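**Student:** test case, fold it:
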Amino acid sequence: MSEIKNRKYTYQELAAFCLEISMLLNAAVPLDEGLSIMAQDAKDEAEKKLLLSMAEGVEIGLPLFQAMEETEAFPRYVIQMAKLGQETGTLDEMMGSLSAYYEKEHYLLRNIKNAVTYPVIMLFMLFVILFVLFVKVMPIFESVYEQLGAQISPAARSAIRMGGIFSGAALVIGLILAVIIAGAYILTSFGKKVPLWEKAAAFVKDRSRIAEAVAKRRLASAMALAIRCGMDMEKGMDMAAELVENDRIREQILSCRELMEDGKDCYQAMKEKDLFSGFHIQMVQVGQRSGHLDQVMEEISDSYGNQADEAIDGILARFEPTLVAVLAVAVGFILLSVMLPLVGILATVG
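**Tutor:** Take a look at the predicted model:
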């Protein structure tokens, strides 16, 4: 049982699981039988035991959401939506919608990881190259010039020394940070809390354009799903607040819910709390009046997802030219430092 409870589904695995459940329900396959079939193709022993445990629970009469809850492998949001789907008789549609939601989450998370990993690797390589040039290559030229009776200018020599110190310090600091981040990531993946890591993550999420776009995408997607299945708007807001990791956006959502409890409609509450941009707020008003608010929320979700992707692409687009410029300046400086004394030597020989 402990092995089952240590198993946590990733976004990609959640998308696949929800899609398979939706397909089983549409094909009128009993859930206990379907879960047993899924267990046969499980990618590891822990997942196989988890699915078989769920199949046994469903077979003795447990609803799917309760069987999922007992495994402790699923997010609370999935369990709540599965419960709502079973209560309203729309579990197949609900699981299909959850599959689409987590598929988008998977791709968005992958893009964010790539946006972080790529610049870090490139920066590390840049500092390695500069360190080798300043500390290993340039001293060789200095000794050669001394043997030829020439020398690099004092200013260039000082700059080379400073470049070596700076690039070396950057490498050391980078390695220390990498070890700290890796350790914090490993600890959090095992469910342990690291206060400093959580504060740093919250600081970044509250100030990042990408994090804000992701938070609003999750809000709109959760609201679309809640409206589609007939959930109260206030309850939908509560569930959306649980999904959002941006503290500022979460506070806005909860304040918006309070206004709705006081009698204001969704459009008025969202406009007053500035939950979405002006254009998206207008879309909410149109959707509310036309009775297609779920479709509007889905469109808003896609729009914020695109904004997050564009912000990620923008970071990479700005980073690459900057990196090339820094490397070009450093290499140009080194070439000048090497070539100027050589010109003097050639002039003397001539």
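
**Student:** can you pull out the residues in contact with stretch 51-61?
**Tutor:** For stretch 51-61, the surrounding residues in contact (Cβ atoms under 8 Å, 6 or more residues apart in numbering) are 4, 31-33, 35-36, 38-39, 42, 64, 66-68, 70-71. Backbone N, C-alpha and C define where each C-beta goes, glycine included.

**Student:** what subset of these is buried?
**Tutor:** For the contacts of stretch 51-61, a burial check counting by 16 or more other Cβ atoms under 10 Å picks out 4, 31-32, 35-36, 38-39, 64, 66-68, 70-71.

**Student:** which one of those is nearest to Ala15?
**Tutor:** Nearest to Ala15 out of those is Met38 (Cβ to Cβ; 14.0 Å).

**Student:** please, which helix or strand holds that closest one?
**Tutor:** Met38 belongs to helix 31-40 when assigned by DSSP states H and E.

**Student:** ok, then the element right after that helix?
**Tutor:** helix 45-59.

**Student:** quick one, domains of the protein?
**Tutor:** 2-74, 104-182+320-349, 209-310 (automatic domain parsing).

**Student:** any idea how far Glu33 lies from Ile165?
**Tutor:** 68 Å (Cβ to Cβ, to the nearest Å).

**Student:** same question but for Arg289, I mixed them up
**Tutor:** Distance of Arg289 to Ile165, given as Cβ to Cβ: 65 Å.

**Student:** which one's more surrounded, those two?
**Tutor:** Ile165 (13 against 10; other Cβ atoms under 10 Å).

**Student:** check Arg248 and give its pLDDT.
**Tutor:** Arg248 is assigned 86 on the pLDDT scale.

**Student:** kindly report the same for Glu70.
**Tutor:** pLDDT, Glu70: 88.

**Student:** which residues does it contact?
**Tutor:** Ser53, Gly57, Leu62.

**Student:** any idea how far the host helix or strand of it is from the middle of the chain?
**Tutor:** Assigned by DSSP H and E, Glu70 falls within helix 64-71. Relative to its parent chain, helix 64-71 has a centroid offset of 27 Å by Cα atoms, centre = their mean, to the nearest Å.

**Student:** now it - C-alpha only, PDB.
**Tutor:** Output of helix 64-71 as PDB, limited to C-alpha atoms (Å, rounded to 0.1, in the frame of the first residue of the first chain):
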ATOM      1  CA  LEU A  64     -14.600   5.900  -9.200                       C
ATOM      2  CA  PHE A  65     -13.700   9.200  -7.400                       C
ATOM      3  CA  GLN A  66     -13.500   7.400  -4.100                       C
ATOM      4  CA  ALA A  67     -11.300   4.700  -5.500                       C
ATOM      5  CA  MET A  68      -9.100   7.400  -6.900                       C
ATOM      6  CA  GLU A  69      -9.000   9.300  -3.700                       C
ATOM      7  CA  GLU A  70      -7.900   6.200  -1.700                       C
ATOM      8  CA  THR A  71      -4.800   5.800  -3.800                       C
END
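
**Student:** got the buried residues for the helix or strand just after that helix?
**Tutor:** Remark: after helix 64-71, the chain's next helix or strand is helix 76-88, criterion DSSP H and E. Neighbour-count burial for helix 76-88 flags Tyr77, Val78, Ile79, Gln80, Met81, Ala82, Lys83, Leu84, Gly85 (criterion: 16+ other Cβ under 10 Å).

**Student:** from those residues, pick the one nearest Ser208.
**Tutor:** The closest of the buried residues of helix 76-88 to Ser208 turns out to be Tyr77 (Cβ to Cβ; 22.2 Å).

**Student:** now that closest one, nearest residue through space, not along the chain?
**Tutor:** Spatial nearest neighbour of Tyr77, chain neighbours left out: Leu243 (5.8 Å); criterion: Cβ to Cβ, 6 or more residues apart in numbering.

**Student:** for that neighbour, give me the pLDDT.
**Tutor:** So, for Leu243, pLDDT stands at 83.

**Student:** who's in contact with it?
**Tutor:** Tyr77, Arg218, Leu219, Ala222.

**Student:** returning to that earlier point: and the contacts of stretch 51-61, which two are the farthest apart?
**Tutor:** Going by Cβ to Cβ, the pair spanning those furthest: Ala42 and Gln66, at 20.9 Å.

**Student:** longest helix in the protein, please.
**Tutor:** If you go by DSSP state H, the chain has its longest helix at helix 293-349.
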